[in-house]
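> structure of the sequence below:
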Amino acid sequence: MALAQTGTVHSDSPENDDDLICGELQQQKGENLSSSTTEFTALLEAASPPRCLSGESQVERAWAHWNKLGRPKLIVAPMVDNSELPFRMLCRKYGAEAAYTPMLHSRIFTENEKYRNQEFTTCKEDRPLFVQFCANDPDILLEAAKRVEPYCDYVDINLGCPQRIARRGNYGAFLMDNLPLVKSLVEKLALNLNVPVSCKIRVFPKLQDTLNYAKMLEEAGCSLLAVHGRTRDEKDGKKFRADWNAIKAVKDAVKIPVLANGNIRHMDDVWNCLAETGAEGVLSAESLLENPALFAGFRTAEWVAGNEENIRDGNLDQADLVVEYLKLCEKYPVPWRMVRSHVHKLLGDWFKIQPHVRDDLNAQSRLTFEFLNSLVDRLRELGIRIPLYQKDTCLKRTSADGLNT
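Numbering: from 1, shown residues only. Presented below is the predicted three-dimensional model:
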């Protein structure tokens with residue numbers, strides 16, 4: 001775990017080339033966040049004593065912190081292997097006002113220095129920042145959280161991952177079956193950290209169960225709640241619409257800030273979600289992977305149909321965004337597997353037109369920046385361009401609450 005551009009030596013050999021870091025970490029002014037066991041024990045002992053706050057004081061502090069951060073509304077959701085530092089910085093350039101790290105495994109994070117160094121990097125411009133952990137042991141979670149709290153604005157607990165790996169590991173949305181454990185995770189952090197605790201959840205099939213869950217998290221010390229409006233079994237975002245009514249009900253039931261997650265494909269969805277749920281902000285995940293400029297008012301061709309009369313070419317396309325992303329990866333190196341994944345997501349529609357270019361990418365066991373930039377050049381030489389679009393009415397619009405797009 002290190003601040004971006006801090007020199008780090010990795011002695012373990014990667015299992016494959018995609019696990020290699022995509023650039024040499026240059027020794028510059030920075031700070032290595034890794035601590036020896038002795039140093040970390042001293043850090044724990046020097047930490048401020050646990051704080052017991054009344055419910056009212058906890059809510060007041062939650063809002064004071066949110067206000068201090070500027071009440072961000074447009075937020076990059078946590079995505080495993082996809083919301084890493086270069087991608088967060090690209091999204092921030094195009095309107096994102098806060099971001100989550102990918103989900104980090106708390107036990108591996110505490111035990112493995114290489115994992116810390118590769119999977120969590122940040123820089124001073126990477127704020128506000130939520131660092132998300134999955135966990136099922138309060139003490140291990142606290143040890144992991146202590147390592148990152150100086151470098152983030154929230155430590156977030158993943159209570160929403162619905163994937164099979166979360167079932168096997170007993171974390172994420174599968175902790176919905178063990179609410180006492182969930183409560184103990186939140187309480188442990190709330191009483192021992194100097195930064196607020198946030199939680200990201202999914203809804204229960206029954207609304208009242210969801211509301212009881214949200215209230216329990218608030219009472220345990222959660223300072224911000226992100227609600228994904230789908231159940232644990234509704235994994236396919238294209239098949240199942242997120243339930244904004246359930247998110248609104250949670251917003252009405254708790255006193256802490258609430259963020260809405262689900263159905264955010266372009267800025268019209270952002271405005272509609274904020275209006276319908278009353279949430280303080282929105283999270284976007286899959287849509288940002290295809291279009292990191294979403295929060296700047298750009299949309300893919302898929303979401304132009306029916307609005308052609310006031311939509312125009314935004315003079316930006318996904319190939320432009322790939323080039324920008326690659327430059328950020330050179331500045332903030334990450335494992336090549338993350339780079340490969342983003343190139344596939346960003347250029348997926350382009351590869352459908354020229355599948356042989358995609359095949360050449362897949363045939364590369366070891367990627368380089370030179371190869372990836374030449375791949376973009378090849379697509380352009382083949383005459384491909386799929387623009388991102390903007391609404392004319394969205395180019396310089398200010399909403400009633402002051403949000404600019």
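> where does pLDDT dip in the stretch 251-400 of the chain?
Applying pLDDT under 70 to the stretch 251-400 of the chain picks out residues 306-309, 393-400.
> can we see that at 80?
Along the stretch 251-400 of the chain, segments meeting pLDDT under 80 span 305-310, 392-400.
> ok, residue 135 - contacts?
Residue 135 is in contact with 106, 107, 141, 144, 157, 158, 171, 185, counting by Cβ atoms under 8 Å, 6 or more residues apart in numbering. C-beta: built from backbone N, CA, C; applies to glycine.
> could I get the residues you listed as JSON lines with distance to residue 258?
Below are those laid out as JSON lines (distance: Cβ to Cβ, whole Å):
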{"residue": "106", "distance to residue 258": "24"}
{"residue": "107", "distance to residue 258": "29"}
{"residue": "141", "distance to residue 258": "22"}
{"residue": "144", "distance to residue 258": "25"}
{"residue": "157", "distance to residue 258": "15"}
{"residue": "158", "distance to residue 258": "17"}
{"residue": "171", "distance to residue 258": "22"}
{"residue": "185", "distance to residue 258": "19"}
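> export those residues to TSV and tack on neighbour count?
Putting those into TSV (neighbours: other Cβ atoms under 10 Å) gives the following:
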residue	neighbour count
106	26
107	18
141	26
144	28
157	28
158	25
171	26
185	27
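> from these, pick the one nearest residue 256.
Looking at the contacts of residue 135 and their distance to residue 256, the nearest is residue 157, at 14.1 Å (Cβ to Cβ).
> how about the helices in the stretch 251-400 of the chain?
Using DSSP state H, counting those that start in this stretch, the helices of the stretch 251-400 of the chain run over residues 267-277, 286-290, 318-331, 336-346, 348-353, 355-363, 369-381.
> so which bits of the third one are buried?
Neighbour-count burial for helix 318-331, counted by 16 or more other Cβ atoms under 10 Å, picks out 318, 319, 320, 321, 322, 324, 325, 326, 328, 329.
> residue 173 is in contact with residue 162, correct?
Yes: Residue 162 is in contact with residue 173 according to Cβ atoms under 8 Å; the separation is 4.7 Å.
> and those two? Which one has more around it.
A direct count of neighbours by other Cβ atoms under 10 Å for residue 162 and residue 173 places residue 173 higher, at 23 against 18.
> out of the helices of the stretch 251-400 of the chain, which is closest to residue 98?
Of all the helices of the stretch 251-400 of the chain, helix 286-290 sits nearest to residue 98, with 12.9 Å by Cβ to Cβ.
> for that closest one, buried residues please.
Buried positions in helix 286-290, judged by neighbour count with 16+ other Cβ under 10 Å: 287, 288, 289, 290.
> now tabulate these in CSV and tack on distance to residue 385.
Shown next, in CSV, are the buried residues of helix 286-290 (distance: Cβ to Cβ, whole Å):
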residue, distance to residue 385
287, 21
288, 21
289, 20
290, 16
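> low pLDDT regions in the stretch 1-150 of the chain?
Checking the stretch 1-150 of the chain against pLDDT under 80 turns up 1-19, 21-56.
> can you lay out the contacts of residue 135 as a markdown table showing secondary structure?
Formatted as a markdown table, these follow (DSSP: H, G, I helix; E, B strand; the rest coil):
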| residue | secondary structure |
| --- | --- |
| 106 | helix |
| 107 | helix |
| 141 | helix |
| 144 | helix |
| 157 | strand |
| 158 | strand |
| 171 | coil |
| 185 | helix |
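> nearest to residue 339, of those residues?
residue 158 (23.6 Å).
> just give me the neighbour total for the spatially closest residue to the closest one that is not a sequence neighbour.
Closest residue to residue 158 apart from its sequence neighbours, by Cβ to Cβ, 6 or more residues apart in numbering: residue 134 at 4.4 Å. Neighbour count of residue 134, defined by other Cβ under 10 Å: 26.
> returning to that earlier point: among the helices of the stretch 251-400 of the chain, which comes closest to residue 57?
Closest of those to residue 57 is helix 267-277, at 26.4 Å (criterion: Cβ to Cβ).
> which residues touch residue 335?
Residues near residue 335 by Cβ under 8 Å, 6+ apart: 18, 19, 20, 21, 22, 118.
> hmm, I was thinking of residue 329
Each residue near residue 329 by Cβ under 8 Å, 6+ apart is listed here: 22, 23, 86, 339, 369.
> and if you look at residue 242?
Residue 242 neighbours (Cβ under 8 Å, 6+ apart): 228, 229, 230, 261, 262, 263.
> nearest to residue 272 among those residues?
Nearest to residue 272 among the contacts of residue 242, with distances taken as Cβ to Cβ, is residue 263, at 8.6 Å.
> so the closest one makes contact with residue 240?
No: contact between residue 263 and residue 240 fails when scored by Cβ under 8 Å: they sit 9.9 Å apart.
> comparing those two, which shows the higher neighbour count?
Just comparing residue 263 and residue 240: by other Cβ under 10 Å the higher neighbour count belongs to residue 263, 19 against 15.
> now that one. Nearest residue, chain neighbours left out?
That would be residue 242: by Cβ to Cβ, 6+ apart, it lies 4.6 Å from residue 263.
> how about residue 279?
Computed as Cβ to Cβ, 6+ apart, the closest residue to residue 279 that is not its neighbour in sequence is residue 260, at 3.9 Å.
> who does that neighbour form a beta bridge with?
residue 227, residue 282 (DSSP bridges).
> thought it was touching residue 229?
Yes: Residue 260 is in contact with residue 229 according to Cβ under 8 Å; the separation is 7.0 Å.
> neighbour-wise, which of those two wins?
Set side by side, residue 260 and residue 229 show more neighbours around residue 260, with 29 against 24, by other Cβ under 10 Å.
> which residues are in contact with the more buried one?
Counting by Cβ under 8 Å, 6+ apart, residue 260 touches 226, 227, 229, 244, 247, 273, 274, 277, 279, 281, 282, 283.
> ok, back up a step: possible to save the helices of the stretch 251-400 of the chain as JSON lines with distance to residue 296?
Shown next, in JSON lines, are those (distance: least, Cβ to Cβ, whole Å):
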{"stretch": "helix 267-277", "distance to residue 296": "9"}
{"stretch": "helix 286-290", "distance to residue 296": "11"}
{"stretch": "helix 318-331", "distance to residue 296": "11"}
{"stretch": "helix 336-346", "distance to residue 296": "15"}
{"stretch": "helix 348-353", "distance to residue 296": "19"}
{"stretch": "helix 355-363", "distance to residue 296": "27"}
{"stretch": "helix 369-381", "distance to residue 296": "21"}
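> understood, closing this out.
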